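[1] with the sequence up front, the predicted model follows.
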Amino acid sequence: MKGAASPLILVLAVAALPVLPARAVLAISLSEYRQQLRDLRARVVALDAHPEDIAKTSASIPDEIVVNTGEKEVTVNYRDLKNDLSVLSRARAEKRPAGLGQIRDYLKTLDSAVESYGQPSDLNSAHQKLSDILARREFQKVGGPSLRDLLLAKIFSWLNRMLNRLAAAGGMTVDWFSILIYAVITVAVSILAIWTLRRLRQRGDEHAGREIIPFAPSARSWRAWLAEARLMAQQQEWRNAIHLAYWAGISFLESGGAWKPNRARTPREYLRLMGSRKPEYPSLAALTRKFELVWYGDRAASALDFQEALGQLEKLGCR
């Protein structure tokens, strides 16, 4: 069955809801959301005895709802769950019990994850861990241009002006003057080459502590990133699932021409390249914050955190 244990079946169903229009969005509280999980699990249990009701159950689920957690609103997508049930309704009879069992077990896991959501988290500990990371040696050199950089820039600017003046005086035919021009150019190129090599080594040290993808994100399809994220969520590896979901969004935007591929950018650099005036910026910013807190801040993640990341991907267009 396609995605029977997919993490997107945490796109929970509303057990007692009537059939809603495709574009209707229902807003419910977190406690109602928990109850709907339990009701849906009970309905899935009943489908063992009445498999003919699978299609009817799928049709009764809305496309999405909005869950109000008390601090923010999270959009929960139901499309994959509806598709899973629709495919299961057409599956052979001997395969249905296994598929329904996987859905029941996963809904039970989600119920436990939602129960723990909202409990006080140790944000101070997460902030301290993030501060410890930024205090490492490899981050100490991060900053604006140094005095040496400014001095070298002035030297190169002066050399450029001198070469332009010498070129303008090209009417001179003295041999020693031509030799002097070539010597100046050779020295300038040598200095530039040495400076470039040193800068590359310095950048290698600066970037040693940050994540570097071994290839441009768009070199791999965003669908492949997202499929792997869902596989991690199926195994309840929520941090890895959010990590892969983030790169799915970056791959999607990069393949759409949002920026030129570069395998060594940081999440904040992608945000700067996007620009705050772009309509995709709020969703990318929210996805980046979730990714940084969970991945770099070493914060524990839950099914609802992963669902929130998927909601931001939906807004970016990753469907």
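    Alright, I've got the coordinates. Predicted model only: the values in this text are computed from it and were never measured.
[2] surely Ser89 is in contact with Ala55?
    Yes. With contact defined as C-beta atoms under 8 Å, Ser89 reaches Ala55; the gap is 4.2 Å. C-beta coordinates here come from the backbone N, C-alpha and C atoms, glycine included.
[3] higher neighbour count, the two?
    Taking neighbours as other C-beta atoms under 10 Å, Ser89 and Ala55 compare with Ser89 leading, 18 against 14.
[4] which residues does the more buried one contact?
    Going by C-beta atoms under 8 Å, 6 or more residues apart in numbering, Ser89 touches 51, 54-55, 58.
[5] now which of the residues you listed would you call buried?
    54, 58 (16 or more other C-beta atoms under 10 Å).
[6] now go through the contacts of Ser89 and say which are in helices.
    Counting by DSSP state H, the contacts of Ser89 place 54-55, 58 in helices.
[7] format those as JSON lines; extra columns: distance to Trp222 and pLDDT.
    As requested, the ones in helices among the contacts of Ser89 are exported to JSON lines (distance: C-beta to C-beta, whole Å; pLDDT from 0 to 100):
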{"residue": "Ile54", "distance to Trp222": "31", "pLDDT": "83"}
{"residue": "Ala55", "distance to Trp222": "31", "pLDDT": "84"}
{"residue": "Ser58", "distance to Trp222": "27", "pLDDT": "79"}
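[8] re earlier: would a markdown table of the contacts of Ser89 with distance to Val184 be doable?
    Shown next, in a markdown table, are the contacts of Ser89 (distance: C-beta to C-beta, whole Å):
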| residue | distance to Val184 |
| --- | --- |
| Pro51 | 85 |
| Ile54 | 81 |
| Ala55 | 81 |
| Ser58 | 77 |
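[9] ok so, going back, show me which of the ones in helices among the contacts of Ser89 is closest to Asn68.
    Ser58 (25.4 Å; C-beta to C-beta).
[10] what's the mean pLDDT across stretch 258-274?
    Per-residue pLDDT over stretch 258-274 has a mean of 84.
[11] same deal with stretch 188-196?
    Rounded mean pLDDT across stretch 188-196 is 85.
[12] which parts of the chain are helices?
    Counting by DSSP H, the chain has helices at residues 30-47, 54-59, 79-89, 96-116, 123-134, 147-168, 175-206, 222-234, 238-255, 267-274, 281-291, 303-316.
[13] and the chain, what are its domains?
    Structural domains assigned to the chain are 7-116, 139-209, 212-316, following automatic domain parsing.
[14] and the longest one, how far out from the chain's middle?
    In this case it means domain 7-116. Counting by C-alpha atoms, centre = their mean, to the nearest Å, domain 7-116 is centred 25 Å from the centre of its parent chain.
[15] just the pLDDT for Asp305.
    At Asp305, the predicted lDDT confidence score is 90.
[16] where does pLDDT dip in the stretch 151-300 of the chain?
    156, 159-160, 162-180, 201-216 (pLDDT under 70).
[17] now with 50?
    For the stretch 151-300 of the chain, the stretches with pLDDT under 50 are 172-175, 204-212.
[18] pretty sure Asp63 contacts Thr75?
    No. In this structure Asp63 lies outside contact range of Thr75 using C-beta under 8 Å: 10.5 Å.
[19] stretch 266-281 spans what distance, first to last residue?
    By C-alpha to C-alpha, to the nearest Å, the extent of stretch 266-281 from end to end equals 16 Å.
[20] now do it: distance to the chain's middle.
    From the chain centre to the centre of stretch 266-281 is a distance of 13 Å (C-alpha atoms, centre = their mean).
[21] name the residues of that stretch that come out as buried.
    Within stretch 266-281, the residues that count as buried by 16+ other C-beta under 10 Å are 267, 270-271, 273-274, 280.
[22] the spatially most central residue of the chain: what's it in contact with?
    The centre of the chain sits closest to Tyr246, judged by C-alpha atoms, centre = their mean, with a distance of 1.1 Å. Taking C-beta under 8 Å, 6+ apart, we find Tyr246 in contact with 267, 287-288, 290-291, 295, 309.
[23] with adjacent residues omitted, what lies nearest to Val114?
    Setting aside the residues directly before and after it, Val114 is nearest to Arg34 in space (C-beta to C-beta, 6 or more residues apart in numbering), at 5.3 Å.
[24] wait, I meant Leu293
    Among residues not flanking Leu293 along the chain, Arg299 sits closest, at 5.0 Å (C-beta to C-beta, 6+ apart).
[25] nearest to Val67 among the helices of the chain would be which one?
    Closest among the helices of the chain, using C-beta to C-beta: helix 30-47, at 4.8 Å.
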